[in-house]
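In: Next come a sequence and a model predicted from it.
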Amino acid sequence: MLIDKTKCVNCGQCIPYCPMACIQKKDGIVQIDLDECVECEACRNARVCPRDALYMQKLEGTRILRSQFSNPLITHPKTGVPGRGTEEMKTNDVTGRFKRGRAGVCIELGRPGTGTRLKDVQTVAMAVAPYAKYGFEPHNPVTALMVDATGKLREDVLQEKTLSAIVEIEVDQKDIGAVLDAISKVQKDVDTVFSVDFAGRLERDESFPAKIVAQKAGYKLSPNGKTNVGLGKPLAKEE
Ligand code: SF4
Ligand code: SF4
């Protein structure tokens, strides 16, 4: 996002609308820190500028990733999903997505106010890759940037910053404790906040082995029922 200096009157009305706090007034001049800007367009979409001074430049090269991951009004070109580009298991329909005995794991990096560099996303992806027995979620924009199954991302994207990004893998439920341990080990290397969620099918007795494994490994869980269940969608076939 850029400010047309021939129009801007430095009123500062756009400042509170930036989720990255990267519009700032210095010495009376309002400026955007382009290294921190994630191209989400929230400032312009707020329509508060009295001079229509905010405008999007043509995003060149890897910078376009910022808007693909951060602008909720853009549909990701690779996955066809708006927002963060993936139908993450936490809030979307998981019917038929996981076979019994498996779990999907989401690691959600970045939040308004902090965002995330893709190098931090790579750090987490590489930590959990050894446990991704069934791979990284293929319809996920982070996966689309990977160069191999180790979770390594393209070198040229690592410094790009996004509002958030989600690493998604599918594991055996028995490996949940090991996955959480792997994430714990790298958390000090990650310069942003993140949350971890996992989802899967209940056993026939309505137990959820992944939850038991995580609790035995010493993790405190916050179970919730936010996940949607689809109507008329076939369940994943058991092997
Ligand atoms: S595009 Fe988003 S991150 Fe960039 S200045 Fe505007 S609100 Fe802030
Ligand atoms: S609202 Fe518009 S005129 Fe005011 S500081 Fe922001 S860009 Fe400049």
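Out: On my side now, so go ahead. Ligands and ions are numbered 1, 2, ... in the order given.
In: use CA for all of it now, contacts and neighbours both
Out: OK.
In: would S67 count as being in a strand?
Out: No - according to DSSP: H, G, I helix; E, B strand; the rest coil, S67 belongs to no strand; its state is helix.
In: Report the contact partners of it.
Out: Contacts for S67 were tallied using CA atoms under 8 Å, 6 or more residues apart in numbering; they are 38-40, 74, 162.
In: now A178
Out: By CA under 8 Å, 6+ apart, A178 lies in contact with Y131.
In: how about the helix or strand it falls within: buried residues?
Out: Per DSSP states H and E: A178 is located in helix 176-186. Judged by neighbour count (16 or more other CA atoms under 10 Å), helix 176-186 contains these buried residues: 176-183.
In: Tell me the one among these nearest to ligand 1.
Out: Nearest to ligand 1 out of those is I183 (CA to the nearest ligand atom; 27.6 Å).
In: count of neighbours near K119?
Out: A count of nearby residues for K119, using other CA atoms under 10 Å, gives 20.
In: Which residue comes closest to it once chain neighbours are left out?
Out: L158 (4.4 Å; CA to CA, 6 or more residues apart in numbering).
In: And for V157?
Out: Nearest non-adjacent residue to V157, counting by CA to CA, 6+ apart: T62, 6.1 Å away.
In: Next, give phi and psi for the one you found.
Out: T62 has phi and psi values of phi -70, psi -10 when expressed as degrees, to the nearest 10.
In: got the contact list for P130?
Out: By CA under 8 Å, 6+ apart, the contact set of P130 is T150.
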